[in-house]
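# Need a 3D model of the following:
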Amino acid sequence: MVDYIILNFFKNYNLKLSLCYYVWMKIQFFGATKTVTGSCFLLSIDNKNILIDCGLFQEEDKDYLNYEPFAFNPRKIDLMILTHAHLDHSALIPKLVKEGFKGKIIATSATKDLLEIMLFDALKVQKNEGREQILYDEAHIIRALKLIEPLSYGKIYNLNGIRLKLTDAGHILGSASVKIESNGKRIIFSGDIGRTGYPILRDPEPPNEADYLVVESTYGNRLHKSLDESIRELLQAIKDTFKHGGNVIIPAFAVGRTQDLLYILNRSVREGLIEPINVYLDSPLAEEATRIYLSHPEVFDDEALREMRNHRKTSIKLHFIKSVDESKKLNSIKSQAVIIAGSGMCQGGRVSYHLYHNIHREECSVIFVGFQAKGTLGRKIVDGEKEVYLLGKTVQVKAKIYTIGGFSAHADQAELLNWIGRIKGLREVFLVHGEEIGISSLKESIESKFNLPCRVPERLSIYEII
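Next up, the predicted model:
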């Protein structure tokens, strides 16, 4: 407190200390606080304002926040950093532009490519849902995309003496953690941290040193099954479902999870672990994202690069479903089909129709391979509800429900602790992007393992760093 008073005295009178130079820094949290979605953090350093992410709230009880004015002035943001293209980190960027933001946006080249298709798709979903209020229009998306300045991993971006660097977070294509440094003070925003040994992408690379860390905690209380065990469970679920004469419905995120699943299923058929199967990818967004993945081999791991060189043809019978009419025709297929469709949390999208036609059938199965946020339809199904509301009707849940956490693109507790433990010099940790049970467990583990103080921010809370 004394330091804060002294600092403000010198700031107010435009003076400098003779023996040391203070850099005033504060963080304000606008989303992903005690909840998984809506990532948005404002870092102020002296008179510069840097926004990290600007994402959509996807929890049912938080959705209204997407339509409120920002709790900060977008015109006063000097720079924005986007950690990756998932909508809970990116989807409100056009709204930010709509409300006056004109600064640069820093992201990787792969993130920029993915962001374009995801933002236009998000707008289409808003319009198709017939919402009374649309968050933004095409012009705001176009203006936002023009503000992006791609930055490669490991390169330094300088904003009036404030240095920032992106490192590979290994979560989805182009995902990054960001380290920001000013006059010796160093802070890391983790973004979403990926898995170790996961297919296609390289393993997460933590920045080497920092004083402060803002880190995700999505799976802060869980340990994932091994990938090999998860693959065996997936293949067995498909075999059992086909044996009973049903279909497999996989609600999958169009970016990241879908590409992983296609890679794994294709390899499994080639290795003789399962017979060639019909896989219907009912997501134009996922198809476009897959093409973007293939255009960025520079971020692939060695195994994926070998796969690209040696196996150019698919082993699964892959069908890309483009039009709505083609999607409707899938309803006539009663068995032997794996249908992958968005959205990943069953909040709208084409998967709603496939659930409607299959979830009431005992011979079918629904396989969840990603996190289901509170209040979403996916979470209700995972939690065992016997009836769900689909397409304006109440439908009984009789299909077999699988939750295979080993396919998550988020690090589990052990992987998070390993990632944090490789960062030298940490003084304090802020836990975000998780539900309270996950945050509480990770907080306890960090404090006991590393003897580091952990803070759990509330929405709109402000922390001063001196």
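# going forward, measure contacts between C-alpha atoms and count neighbours the same way
OK.
# Can you report how many residues lie near the residue nearest to Ala289 when sequence neighbours are not counted?
In this structure, Ala289 finds its nearest non-sequential neighbour in Val255, 6.0 Å apart by CA to CA, 6 or more residues apart in numbering. The criterion is other CA atoms under 10 Å. On that basis, Val255 has 25 neighbouring residues.
# and Val255, what is it in contact with?
86, 172, 286, 289-290 (CA atoms under 8 Å, 6 or more residues apart in numbering).
# can you redo the residues you listed as JSON lines with pLDDT, secondary structure and distance to Pro204?
Listed next are those as JSON lines, based on pLDDT from 0 to 100; DSSP: H, G, I helix; E, B strand; the rest coil; distance: CA to CA, whole Å:
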{"residue": "His86", "pLDDT": "94", "secondary structure": "coil", "distance to Pro204": "17"}
{"residue": "Ile172", "pLDDT": "95", "secondary structure": "coil", "distance to Pro204": "10"}
{"residue": "Ala286", "pLDDT": "90", "secondary structure": "helix", "distance to Pro204": "23"}
{"residue": "Ala289", "pLDDT": "93", "secondary structure": "helix", "distance to Pro204": "21"}
{"residue": "Thr290", "pLDDT": "91", "secondary structure": "helix", "distance to Pro204": "21"}
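# Buried only: go through those residues for me.
The neighbour count (16 or more other CA atoms under 10 Å) marks 86, 172, 286, 289-290 as buried among those.
# Val214 reaches His433, doesn't it?
No - look at Val214 against His433 with CA atoms under 8 Å: they stay out of range, at 9.6 Å.
# Please say which of those two ends up with more neighbours.
Neighbours per residue, other CA under 10 Å: of Val214 and His433, the larger number sits with His433, 26 against 21.
# Regarding that one, what are the backbone dihedral angles?
phi 60, psi 50 (degrees, to the nearest 10).
# quick one, what contacts Lys127?
Ile134.
# okay, it: pLDDT?
At Lys127, the predicted lDDT confidence score is 85.
# just Ile367 next, same as before
The score at Ile367 is 97. That number is its pLDDT.
# next one: the one 10 residues further on
Per-residue pLDDT puts Leu377 at 94.
# And the residue lying closest to it once chain neighbours are set aside, how far from Glu129?
Leaving aside its chain neighbours, Leu377 sits nearest to Cys346 (5.5 Å; criterion: CA to CA, 6+ apart). Distance, Cys346 to Glu129, by CA to CA, to the nearest Å: 14 Å.
# More neighbours: those two, which one.
Comparing Cys346 with Glu129 by neighbour count (other CA under 10 Å), the higher total belongs to Cys346, at 24 against 10.
# gap between the more buried one and Leu42?
Per CA to CA, Cys346 is found 30 Å from Leu42.
# Pull the contacting residues for Thr111.
84-85, 173-175 are the contacts of Thr111 under CA under 8 Å, 6+ apart.
# pLDDT score for the closest residue in space to Arg202 that isn't next to it in sequence?
Once flanking residues are discounted, Arg202 sits nearest to Asp301: 4.6 Å by CA to CA, 6+ apart. pLDDT recorded at Asp301 is 92.
# Kindly report the same for Gln58.
The model's pLDDT for Gln58 equals 89.
# Need the pLDDT of the closest residue to Gln133 other than its chain neighbours.
Spatial nearest neighbour of Gln133, excluding adjacent residues (CA to CA, 6+ apart): Tyr67 at 7.9 Å. Tyr67 carries a pLDDT value of 95.
# what does Tyr13 give?
At Tyr13, pLDDT is 41.
# Any idea how far stretch 229-245 is from the middle of the chain?
27 Å (CA atoms, centre = their mean, to the nearest Å).
# Contacts for it, please.
Stretch 229-245 is contacted by residues 247-248, 264, 273-274, 334-338, 363-365, 402, 404-407 when judged by CA under 8 Å, 6+ apart.
# how about the spatially closest residue to Leu151 that is not a sequence neighbour, what does it touch?
Of all residues not flanking Leu151 in the chain, Thr108 sits nearest, at 5.0 Å (CA to CA, 6+ apart). Residues counted as contacts of Thr108 (CA under 8 Å, 6+ apart) are 150-153, 174-176.
# Now the buried members of those residues.
Judged by 16+ other CA under 10 Å, buried ones among the contacts of Thr108: 151-153, 174-176.
# now the helices for the stretch 201-350 of the chain?
All helices of the stretch 201-350 of the chain, identified by DSSP state H, counting those that start in this stretch, fall at 227-243, 257-270, 284-294, 302-310, 324-329.
# Adding distance to Ser327 and pLDDT, write the contacts of Thr111 out as TSV.
Conversion of those to TSV gives the following (distance: CA to CA, whole Å; pLDDT from 0 to 100):
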residue	distance to Ser327	pLDDT
His84	29	98
Ala85	26	96
Leu173	27	96
Gly174	30	97
Ser175	31	98
